[in-house]
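Asker: no sequence for this one, just the structure:
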DNA sequence: CTAGTGACTATATTGGATTATAGTCACTTC
DNA sequence: GAAGTGACTATAATCCAATATAGTCACTAG
């Protein structure tokens, strides 16, 4: 599940190639140290001991490399959330933990890996596939929790499932989207708790 | 109600003075035409036929003038919302109309008075008093609607009132805050409708 | 005292020449 | 054919001197 991009962004050449992995590895290190902008494609080339031109045999553009890193980062968040959810028994608890883990992991990234966070924020702002896939992932997890809750009779069943999922996702959106999350860091403590309770009230049968 | 600033920002000299009003008037026109940055304090001085130095007898800084304009703009939104709410009978309808008017008016401003919108967004981003006052205003209106709904038995009464208001405000936040609203313009149609329904479900007794 | 300003400074902004970078392509080597 | 590159161009970032702007203050006129 921690493979590279879901819905692979622009890339060239064989998708499993040691050089591709070397590029990604070097990019992750450089982007995280110096940031996306300050890292040049030549830097990455030097780091892995090839020429810049060779990089373009594997990636369409610098942005495509950014996308790859972004996917890794966002997939790591998804995994952290999945782990948190796994440690809950009822759908109610799953939802609470999901929301909490989402925000905790996101703001952790903000504070501890700011440079990588900025790429994710940029990705979200530009609607890159990696960010879309991430949102989709979250939505899917949400769908499953709601479905389970409906099946167990814990959640109401009158509202169409899609609508329920969609509107709850809207509530979570400011915390899912890294671009928005950074404007809500002061709400990181209270927000998810309060909003979880509100959402759960709305889900009462 | 359409007076200038609530909780007057930094200003000097007499608060009701024809020159002060002239400054505000000129600023509103210039900011809306050329934007806050592109307007110089000298421009405003020229427009009202005084020297730049005289402006500083009435305002602490250029930002203070921006604050005054921002207050006017945000107060106009509040008024538009109040008008919309007035045309509803039940608390449920009031809430729906409030949320809808909030987003409609906000995005109208974005599309039709972009320059002024940008000031409001900046204000929200910097946590200027005008933006804080605006948010407080919205929260107050919300509080009154919820209270009325509780009194009429239309809304549940178990959850502490403050908590209810606070969490609903959190739901609305991305649409209240101009800085956030501009990242949510694609949700302007659906968002408020879906979220209103969700919130109202959470308020069911 | 009230209404108002010109002249000044320290900081920010701009233009535009200079340099750095993304991305391509014809080419070599094995 | 597969692995790899140097040399190139067009665009974007950088730098820095010249200019513009925010904000102050000592001052004048009535």
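Answerer: Good, I have the coordinates. These numbers come from a predicted model, not from an experiment.

Asker: who in chain A is up against DNA strand C?
Answerer: Residues of chain A lying close to DNA strand C by CB under 7 Å from any atom of the strand are A:39, A:40, A:41, A:42, A:52, A:53, A:56, A:60, A:61, A:62, A:63. (C-beta placed from N, C-alpha, C; glycine too.)

Asker: switch to 6 Å and redo it
Answerer: A:40, A:41, A:42, A:52, A:53, A:56, A:61, A:62, A:63 (CB under 6 Å from any atom of the strand).

Asker: which of those fall within helices?
Answerer: Among the residues of chain A next to DNA strand C, the members found in helices (DSSP state H) are A:41, A:42, A:52, A:53, A:62, A:63.

Asker: tell me the one of those residues nearest residue B:134?
Answerer: Of all those, residue A:63 has the smallest distance to residue B:134: 37.5 Å, by CB to CB.

Asker: from residue A:123, how far out is that closest one?
Answerer: Going from residue A:63 to residue A:123 by CB to CB, to the nearest Å gives 9 Å.

Asker: ok, now residue A:185?
Answerer: Applying CB to CB, the value for residue A:185 to residue A:123 is 19 Å.

Asker: please say which of those two ends up with more neighbours.
Answerer: residue A:123 (27 against 14; other CB atoms under 10 Å in any protein chain shown).

Asker: check which helix or strand the more buried one maps to.
Answerer: According to DSSP states H and E, residue A:123 maps onto helix A:114-126.

Asker: got a quick ChimeraX command for the buried subset of the ones in helices among the residues of chain A next to DNA strand C?
Answerer: A single ChimeraX command selects the buried members of these (16 or more other CB atoms under 10 Å in any protein chain shown):
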select /A:41,62,63
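
Asker: so which two of the ones in helices among the residues of chain A next to DNA strand C are the farthest from each other?
Answerer: A:53 and A:63 (17.4 Å).

Asker: center of chain A, which residue is that?
Answerer: Geometric centre of chain A, nearest residue: residue A:74, 3.0 Å, by CA atoms, centre = their mean.

Asker: ok, and the closest non-adjacent residue to it?
Answerer: residue A:134 (4.0 Å; CB to CB, 6 or more residues apart in numbering or on different chains).

Asker: give me the contacts around the helix or strand where that neighbour lies.
Answerer: Element membership for residue A:134 (DSSP H and E) is helix A:129-151. Contacting residues not belonging to helix A:129-151 are listed as A:5-7, A:9, A:67, A:70-71, A:74-75, A:77-78, A:81-82, A:85, A:90-92, A:94-95, A:98, A:102, A:120, A:123-124, A:155-157, A:161, A:164-165, A:168-169, A:172, A:176-178, A:203 [CB atoms under 8 Å, 6 or more residues apart in numbering or on different chains].

Asker: what angle separates it from helix A:114-126?
Answerer: 80 degrees (axes from the mean of the first three to the mean of the last three CA atoms, to 10 degrees).

Asker: where does helix A:129-151 sit relative to the chain's centre, distance-wise?
Answerer: Centre-to-centre, helix A:129-151 and its host chain are 12 Å apart (CA atoms, centre = their mean, to the nearest Å).

Asker: got the angle between the next helix or strand after that helix and helix A:114-126?
Answerer: Remark: after helix A:129-151, the chain's next helix or strand is helix A:161-176, criterion DSSP H and E. Interaxial angle, helix A:161-176 versus helix A:114-126 (the same axes, to 10 degrees): 140 degrees.

Asker: same for the next helix or strand after helix A:161-176, what does it pack against?
Answerer: The element immediately downstream of helix A:161-176 (helix or strand, assigned by DSSP H and E) is helix A:178-181. Judged by 3 or more CB pairs under 8 Å, 6 or more residues apart in numbering or on different chains; DSSP states H and E, helix A:178-181 is in contact with helix A:91-112, helix A:114-126, helix A:161-176.

Asker: I'd like the average pLDDT over the first one.
Answerer: What it means is helix A:91-112. Mean pLDDT, helix A:91-112: 95.

Asker: related to what we said a few turns ago, distance to residue B:197 added to the helices and strands packed on helix A:178-181, as a markdown table?
Answerer: Below are the helices and strands packed on helix A:178-181 laid out as a markdown table (distance: least, CB to CB, whole Å):
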| stretch | distance to residue B:197 |
| --- | --- |
| helix A:91-112 | 18 |
| helix A:114-126 | 26 |
| helix A:161-176 | 7 |
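
Asker: dump the ones you listed to CSV, plus distance to DNA strand D.
Answerer: Below are these laid out as CSV (distance: least, CB to the nearest atom of the strand, whole Å):
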stretch, distance to DNA strand D
helix A:91-112, 23
helix A:114-126, 12
helix A:161-176, 28
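
Asker: ok, residue A:22 touching residue A:54?
Answerer: No. Judged on CB atoms under 8 Å, residue A:22 makes no contact with residue A:54 at a distance of 10.6 Å.

Asker: ok, the two, which is more surrounded?
Answerer: residue A:22 (17 against 14).

Asker: excluding chain neighbours, give the residue nearest to the more buried one in space.
Answerer: residue A:48 (4.5 Å).

Asker: what about stretch A:74-85, average pLDDT?
Answerer: When pLDDT is averaged over stretch A:74-85, the result is 95.

Asker: name the residues of it that are buried.
Answerer: Buried, per 16+ other CB under 10 Å, within stretch A:74-85: A:74, A:75, A:77, A:78, A:80, A:81, A:84, A:85.

Asker: so is the helix or strand that contains the last one next to DNA strand D?
Answerer: It refers to residue A:85. For residue A:85, the element it lies in under DSSP H and E is helix A:62-86. No. Under the criterion of CB under 6 Å from any atom of the strand, DNA strand D is not reached by helix A:62-86; the shortest gap measures 10.8 Å.

Asker: who does that helix touch, helix- and strand-wise?
Answerer: Judged by 3+ CB pairs under 8 Å, 6+ apart, the packing partners of helix A:62-86 are helix A:18-34, helix A:41-48, helix A:91-112, helix A:114-126, helix A:129-151.

Asker: any low-confidence regions in chain A?
Answerer: Regions of chain A meeting the criterion pLDDT under 70 cover residues A:1-16.

Asker: do that again at 50, thanks
Answerer: A:1-9 (pLDDT under 50).

Asker: pick out the most distant pair among the residues of chain A next to DNA strand C.
Answerer: Maximum distance among those (CB to CB): 17.4 Å, for A:53 and A:63.

Asker: what parts of chain A come near chain B?
Answerer: By the rule CB under 8 Å from any CB of the partner chain, the part of chain A lying against chain B is A:125, A:156, A:159, A:163-164, A:166-168, A:170-171, A:173-174, A:177, A:179-180, A:183-184, A:187, A:190-191, A:194-195, A:197-199, A:201-204.
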